[in-house]
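Peer 1: Whatever this is, show me its structure:
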Amino acid sequence: MHIYNGKESKLWDEFTLTDQGLFSWDLMERASKKLTEKILDIYPDMDLHFYVIVGPGNNGGDGLAIARMLSEQFRSVCVILLQTKGSPEYEQNLSLIKSKSSIKICNFKEFENSSLKKGILIDAIFGNGLNRKPEGKNEKAIEYINTLDYPIISIDLPSGMIPDVLPDWEIVKATHTIMIQSVKLSALFEECGQFYGNCHIVDIGLSRSFLKNHPSDKVYITQTTINPFLKTRTVFSHKGAYGHAALACGSESMIGAAILSTKACLRSGAGLVTCYVPECGYEIMQMSCPESMCISDINDRHLKSVDIKDSFDAIGIGCGIGNNPDIRDWLIGVFKKLKGPGMVLDADALNIISQYKIKIPEGAIITPHPKEFDRLFGPSNSGYERYLLQVKMAKLHKINIVLKGHYTSFVNDEGDTWFNSTGNPGMACGGSGDVLTGLITGILAQDYTIDEAVILALYIHGLAGDIAAASLSQEAMTSMDIINHLGSAWKECHALKNSGTNIEK
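Peer 2: The predicted structure follows:
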């Protein structure tokens, strides 16, 4: 799913009208039908009253059409007009609304002074065309909506929000936002996402051929994204056909990180897995991960002198290795010997790099969380600002950066971006990052490109977390539960690909 800004989204609409031989009215009717279906899916109670607050543009036109369609589904509807004039589609819809005696129409002042019944507010004041601060009745309406203790559904994006970044004025704080066709970039950052509430996306049938001629450098990862490169094994497969992955991990107090990353790597489909650990972890790893090979350092407490072969297809370094001068010197030696493109760096490897200002090998994949990212590249004032720095640093240092978060972002060394759609707050637990490192490393070993390996690992990792949360709850799940549900995640992805089903979350 491509992520477009407001101007690009408008171009997509215009392209669709020409490509499909439609009038604007036709596309608005199609969109409003899908939006109405989603609204009733979220709030099916027949006793609820719907209050639809509309602005003068096409977002308001959508709101009027939704009001009409809700009324046709025998719902009680009140339309609040902020202006009496608007776009041609707005005025045509308003004319139809006025012909229906079942729909109450009032102005904003009347709405403010009325006694509201149990119901839902539908925010259709502004869409993605907003580029300046709302004024007059529009501004007052947004402020008033936020004082009401009612569920709010915003159409396309919360009124007052703009598609890309957080503005410095009042914004509707929605309970749900139903986005049209694709996700909005601003929804993917914490400072803006809090206004969107629960996000839903409806496909209104915009022409897919637009994507080929106007590809975005930002993509929202869904099942549709991974389908083209998700591989199916042949009946003549053998372990040598699926790569040899290695992990350098663990220290005296953090052998658990080694176990988690190794178990995840084993669940990635890699043909062979070798783990390098300090001597104190050797017996533990042999018992915990018998499917992997294990090589121990002569040092008992942490990695210090073990020599990692350069014949592996991919290697993950850093999970629980600790941080001291011995490990620093060992890591520098590894960087001199091994090539970056097959390397995944996480956790303590990143802490050592930031502390001692070590150059990251070109082509490497790094997987920091926000604090680790800030230590590496400097602080940011917002999620969007950090994302811009992520793009800049990936291109400058020719590395691939996976910035972990609710919508984990992956920027490759050319600056192309993917945001992951799977995952949930239950994954905010110790060891989740170790699981991701093992998974990326194992998939990378299997002849996937760097982009493919990271995209697939992010999606599978998050999906396994979603399946685990559905079974166990977000509160009770652990990182080992993510590993235990990786099999179900793989099965679901293959089943959906084989069925020809495209899932856009």
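Peer 1: My guess is Gly57 contacts Ala124. True?
Peer 2: No - here Gly57 lies out of contact with Ala124, judged by CB atoms under 8 Å, at a distance of 9.4 Å. C-beta here means a position set from N, CA and C on the backbone, and glycine is covered the same way.
Peer 1: So for the two, which sits in the more crowded spot?
Peer 2: Ala124 (30 against 20; other CB atoms under 10 Å).
Peer 1: Once you drop chain neighbours, what's closest to the more buried one?
Peer 2: Gly63 (2.6 Å; CB to CB, 6 or more residues apart in numbering).
Peer 1: Same question for Leu130.
Peer 2: Ile162 (5.6 Å).
Peer 1: Next, please give the residue ranges for the strands of the stretch 201-350 of the chain.
Peer 2: Assigned by DSSP state E, counting those that start in this stretch, the strands in the stretch 201-350 of the chain fall at 218-221, 244-248, 272-277, 293-296, 314-317, 343-345.
Peer 1: Direction included, what does the last one pair against?
Peer 2: Strand partners for strand 343-345, identified by DSSP bridges, are recorded as strand 314-317 (parallel), strand 365-366 (parallel).
Peer 1: Now do the last one, average pLDDT.
Peer 2: Per-residue pLDDT over strand 365-366 has a mean of 98.
Peer 1: Then the longest one?
Peer 2: Mean pLDDT, computed over strand 314-317, is 98.
Peer 1: where does the stretch 401-505 of the chain dip in pLDDT?
Peer 2: Applying pLDDT under 70 to the stretch 401-505 of the chain flags residues 501-505.
Peer 1: Same question for the strand or helix carrying Gly487: list its buried residues.
Peer 2: Gly487 is located in helix 486-499, with elements delineated by DSSP states H and E. Buried residues in helix 486-499, counted by 16 or more other CB atoms under 10 Å: 486, 488-490, 492-493, 496-497.
Peer 1: helix, strand or coil for Phe50?
Peer 2: At Phe50, secondary structure determined by DSSP: H, G, I helix; E, B strand; the rest coil is strand.
Peer 1: packing partners for the helix holding Gly487?
Peer 2: Counting contacts by 3 or more CB pairs under 8 Å, 6 or more residues apart in numbering; DSSP states H and E, helix 486-499 packs against helix 223-226, helix 450-472.
Peer 1: Contacts for whichever helix or strand Phe15 is part of, please.
Peer 2: Assigned by DSSP H and E, Phe15 belongs to helix 6-20. Here helix 6-20 makes contact (CB atoms under 8 Å, 6 or more residues apart in numbering) with 4, 22-24, 27, 128-131, 162-164, 181-182, 205-207, 209-210, 214, 216.
Peer 1: Type out the ChimeraX command that picks the buried ones from the residues you listed.
Peer 2: Per 16+ other CB under 10 Å, the buried members of the contacts of helix 6-20 correspond to this ChimeraX selection:
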select :4,22,24,27,128,130,162,163,164,181,182,206,207,210,216
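Peer 1: State the mean pLDDT of the strand or helix carrying Ile142.
Peer 2: Using DSSP H and E, the element containing Ile142 is helix 136-145. Averaged across helix 136-145, pLDDT comes to 93.
Peer 1: And the next helix-or-strand element following it, what's buried?
Peer 2: Later in the chain than helix 136-145, the nearest helix or strand by DSSP H and E is strand 152-155. By neighbour count with 16+ other CB under 10 Å, strand 152-155 contains the buried residues 152-155.
Peer 1: and those, which two are the farthest apart?
Peer 2: Ile152 and Ile155 (10.6 Å; CB to CB).
Peer 1: Now for the two: what residues contact both?
Peer 2: Common neighbours of Ile152 and Ile155 (CB under 8 Å, 6+ apart) are 122-123.
Peer 1: on that earlier part again, so the host helix or strand of the residue nearest to Ala124 versus helix 6-20, what angle?
Peer 2: Taking DSSP H and E as the criterion, Gly63 maps to helix 58-72. Relative orientation of helix 58-72 versus helix 6-20 (axes from the mean of the first three to the mean of the last three CA atoms, to 10 degrees): 60 degrees.
Peer 1: what residues does helix 58-72 touch?
Peer 2: 24, 28-29, 31-33, 35-36, 39-40, 50, 52-55, 77, 79, 82, 86-87, 89-90, 92-94, 96-97, 100, 102-103, 122, 124-127, 129, 155-156, 159.
Peer 1: Helices of the stretch 351-500 of the chain, residue ranges please.
Peer 2: Secondary structure of the stretch 351-500 of the chain (DSSP state H, counting those that start in this stretch): helices at 370-377, 383-397, 432-444, 450-472, 479-484, 486-499.
Peer 1: Same list (those) but as CSV, adding distance to Lys404.
Peer 2: Below are those laid out as CSV (distance: least, CB to CB, whole Å):
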stretch, distance to Lys404
helix 370-377, 8
helix 383-397, 11
helix 432-444, 6
helix 450-472, 9
helix 479-484, 13
helix 486-499, 17
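Peer 1: Mean neighbour count, those helices: which tops it?
Peer 2: Between these, helix 432-444 has the highest mean count of neighbours, a mean of 30, where neighbours are mean count of other CB atoms under 10 Å.
Peer 1: Send me it as PDB with only the CA atoms.
Peer 2: The C-alpha trace of helix 432-444 is given here as PDB (Å, rounded to 0.1, in the frame of the first residue of the first chain):
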ATOM      1  CA  SER A 432      10.900  -8.800  21.500                       C
ATOM      2  CA  GLY A 433      13.800  -7.100  19.700                       C
ATOM      3  CA  ASP A 434      16.000 -10.200  20.100                       C
ATOM      4  CA  VAL A 435      13.300 -12.200  18.400                       C
ATOM      5  CA  LEU A 436      13.200  -9.700  15.500                       C
ATOM      6  CA  THR A 437      17.000  -9.800  15.100                       C
ATOM      7  CA  GLY A 438      17.000 -13.600  14.900                       C
ATOM      8  CA  LEU A 439      14.100 -13.500  12.400                       C
ATOM      9  CA  ILE A 440      15.700 -11.000  10.100                       C
ATOM     10  CA  THR A 441      19.000 -12.800  10.200                       C
ATOM     11  CA  GLY A 442      17.400 -16.200   9.400                       C
ATOM     12  CA  ILE A 443      15.300 -14.800   6.500                       C
ATOM     13  CA  LEU A 444      18.300 -12.900   5.100                       C
END
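Peer 1: what sits against His302?
Peer 2: Contacts of His302 by CB under 8 Å, 6+ apart are 251-252, 278, 321-322, 324, 326-327.
Peer 1: Phi, psi for Phe167 please.
Peer 2: Rather than Phe, residue 167 is Pro. phi -80, psi 170 (degrees, to the nearest 10).
Peer 1: where's it relative to Pro425, distance?
Peer 2: 26 Å (CB to CB, to the nearest Å).
Peer 1: Please apply the same query to Glu29.
Peer 2: 38 Å.
Peer 1: For the two, indicate the residue with more neighbours.
Peer 2: Counted by other CB under 10 Å, Glu29 and Pro425 do not tie: Glu29 has more neighbours, with 19 against 11.
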